[in-house]
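Enquirer: give me the fold of what follows.
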Amino acid sequence: MQKKVTKAVFPIAGMGTRFLPATKATPKEILTLVDRPLIQYAVDEARAAGITEFIFVTSRGKGALEDYFDRAPELEATLKAKGKTDLLELLQATNLDSGAIASVRQNEALGLGHAVWCARHLIGDEPFAVLLPDDVIAAEKPCLQQMIEAHAETGGNMVAAMEVPAEKTASYGVLDVPSAIGPVLPVHGMVEKPAPGTAPSNLAVIGRYILTPQVLRNLESHQTGAGGEIQLTDAIEKEIAAAGNVYGYRFQGRRYDCGSKAGYLQATVAFGLARDDLRDDLEAFLYDMLAMRQAAE
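Expert: All right, here's what the predicted structure looks like:
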């Protein structure tokens, strides 16, 4: 029987330079997608999957992320006094229980592998999840929940994967997998940011992982890889030869890269159109904008 996955690591130490000047004084993960910050989408996905311990890997200036999930007694009291029960319930849904969040500092930006390694003492000797808040996934069943259900059958290490155009594989970690139908695929190899034309497939790793503690031990050497950084992909790949227990999971849903401005805007439109209270006005606005653009051409 596989150990239940109850801990999740959220690497959030980055400076968010692609969103300057907005991120000069505000952590990128607090930027809102419609009316929820990016970090809440990741935390809510983890909660839906049964995660009960949330580990934030942070850096200087990220205190607002922990404060966000804390209680706001004055605001709650004000909403209660004014009878705004809907808003009160919405606010209380962002609270996490005492002790549910722990944070560790990544003092140097040495790569994703290093960020995950920083959480080693809080992970201990049990499987754990990693969620990158930049990757927001719209899915009927949350992506991590899909993976944890599959992981209960396979054990080992599992990475979320999606198909990308061949010309974009150089921006991802890419899987060497058999040509097979189905969501779970045994991984024969992983290549981080392969040179153009050398990718073993077009199946790319995105920001959801379920990992064994051995991956943390593999990171102990602090070996650098692509870009001169300590790559999480390299530590996972070692388990392919050592244990043969790495799987790619083709999730059901759509991923938005909210670490880029274009992806962030696309997600804002998509999530806005999915909201009953926003759809009609937003749809009408988009039609008007498109008509104006076509007329100008």
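Enquirer: so what's E53 closest to, chain neighbours aside?
Expert: Here the nearest residue to E53 in space, its sequence neighbours aside, is K7; by C-beta to C-beta, 6 or more residues apart in numbering that works out to 4.4 Å. Placement of C-beta: from N, CA and C, glycine included.
Enquirer: select the longest helix from this protein.
Expert: Assignment by DSSP state H gives helix 279-296 as the longest helix of the chain.
Enquirer: that one - contacts with which helices or strands?
Expert: On a contact count with 3 or more C-beta pairs under 8 Å, 6 or more residues apart in numbering; DSSP states H and E, helix 279-296 meets helix 261-273.
Enquirer: could you give the average pLDDT over the helix it packs on?
Expert: For helix 261-273, mean pLDDT rounds to 95.
Enquirer: quick one: buried residues of it?
Expert: 263-264, 267-268, 271-272 (16 or more other C-beta atoms under 10 Å).
Enquirer: residues near G124, how many?
Expert: 10 (other C-beta atoms under 10 Å).
Enquirer: that one against T212, yeah?
Expert: No. With contacts defined as C-beta atoms under 8 Å, G124 does not count as touching T212, sitting 11.9 Å away.
Enquirer: between the two, which contacts overlap?
Expert: Among the neighbours of G124, none is also in contact with T212 (C-beta atoms under 8 Å, 6 or more residues apart in numbering).
Enquirer: which residues touch stretch 39-56?
Expert: Stretch 39-56 has contacts (C-beta under 8 Å, 6+ apart) with 4-10, 12, 29-30, 33, 62, 65-66, 68-69, 94, 96, 100-104, 119, 122-123, 129, 131-133, 136-137, 142-145, 147-148.
Enquirer: quick one: average confidence on it?
Expert: 95.
Enquirer: quick one on the thing from earlier: inside helices: which ones of the contacts of stretch 39-56?
Expert: Residues of the contacts of stretch 39-56 located in helices (DSSP H): 65-66, 68, 122-123, 143-145, 147-148.
Enquirer: from A180, how far out is A129?
Expert: For A129, the distance to A180 equals 25 Å [C-beta to C-beta, to the nearest Å].
Enquirer: same deal with N218?
Expert: 27 Å.
Enquirer: and these two? Which one has more around it.
Expert: Remark: of N218 and A180, N218 carries more neighbours, 21 against 8, as counted by other C-beta under 10 Å.
Enquirer: show me the domain layout of this structure.
Expert: Split into domains by automatic domain parsing, the chain comes to 7-253, 260-297.
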